[in-house]
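# Below are the sequence and a predicted model; questions follow.
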Amino acid sequence: MVDLKELSETIQQGDAEGVAQLTAQAIEEGLSPKQILSEGLIAGMDVVGVKFKEGELFLPEVLGVATAMHAGLDVLKPVLAESGEKMIGKIVLGTVKGDLHDIGKNLVGMMLEGAGFEVNDLGIDVPAERFLEAAQEDGVDIVGLSALLSTTMPKMRETIYTLHEAGLAPKIKVMVGGAPVTRKYAEEVGADGYGDNAAAAVDEARRLIGISSDISWRKQ
């Protein structure tokens, strides 16, 4: 019988093929999709998040781990849908208008999915109106805004203003991040949350929907 601890460890090793095989085996053996997700995939990504925060893992390694996690999710998602199990939350994610950078955003999206969130990634160069349109879809809990250029940071304020004007606050929370973005700036533009790296972003997203992590990703 599949040991979900082994699945968690295989994710941490970045073994995509192994993760897919173990996930499929766990499904065949009748383990619940929710249990596979929480005790296998999410548990593995939680450990990776801690190591990333503490400087034990670096970006290339985390990207490899995220790819392995996605291999498991690809196998698990159809079964989750059939079972009626829901992800823990839904996030709209994108890089703001005028900014074409996406490496950090993509990693955040991968880590969020690995933590059990449904992610609608709008891509790069996303105008405020597109964020609004996506935020108005059913079940959205959080809108995540990314910027890597200081010249595009004002688009965060514009997008948050657009969401507020549409009456989506405080029901839908907004979190921001990116190399030039600081917690102080997040507060100035009216964001509800801020993450200075991918692991912290997951921690913040969990906080915003009222879910605490089994493993504490302490902010530095």
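Noted; the coordinates are in hand.
# From now on I want contacts and neighbour counts done on CA atoms only, so please keep to that.
Will do.
# what about the closest residue to Asp121 other than its chain neighbours, how many residues close to it?
Leaving aside its sequence neighbours, Asp121 sits nearest to Leu93 (C-alpha to C-alpha, 6 or more residues apart in numbering; 4.8 Å). Residues within reach of Leu93, counting by other C-alpha atoms under 10 Å, total 28.
# List the residues that contact the closest residue to Gly114 other than its chain neighbours.
Among residues not flanking Gly114 along the chain, Ile42 sits closest, at 5.5 Å (C-alpha to C-alpha, 6+ apart). With contact set as C-alpha atoms under 8 Å, 6 or more residues apart in numbering, Ile42 has these partners: Ser8, Gly114, Ala115, Gly116.
# tell me which residues in stretch 32-44 are buried?
Pro33, Lys34, Ile36, Leu37, Ser38, Glu39, Gly40, Leu41, Ile42, Ala43, Gly44 (16 or more other C-alpha atoms under 10 Å).
# Any buried residues in stretch 16-25, and which?
Per 16+ other C-alpha under 10 Å, stretch 16-25 contains these buried residues: Ala16, Gly18, Val19, Ala20, Leu22, Thr23, Ala24.
# Report pLDDT for the closest residue to Leu145 other than its chain neighbours.
Excluding its sequence neighbours, the residue lying closest to Leu145 (C-alpha to C-alpha, 6+ apart) is Val176, at 4.7 Å. On pLDDT, Val176 comes in at 98.
# for Gly98, same thing?
97.
# How many neighbouring residues does it have?
With other C-alpha under 10 Å as criterion, Gly98 counts 16.
# what's the answer for Gly64, then?
By other C-alpha under 10 Å, 17 other residues sit near Gly64.
# secondary structure class for it?
With DSSP: H, G, I helix; E, B strand; the rest coil as the basis, Gly64 sits in helix.
# next one: Asn120
strand.
# For it, give the beta-bridge partners.
Judged by DSSP bridges, the bridge partners of Asn120 are Val92.
# related to what we said a few turns ago, show me the contacts for the residue nearest to Asp121.
Applying C-alpha under 8 Å, 6+ apart to Leu93 gives the contacts Lys105, Gly109, Val119, Asn120, Asp121, Leu122, Gly123, Val143, Gly144, Leu145, Ser146.
# if you set the cut-off to 10 Å instead, what comes out?
105-106, 108-109, 119-124, 126, 131, 134-135, 142-146, 174-176 (C-alpha atoms under 10 Å, 6 or more residues apart in numbering).
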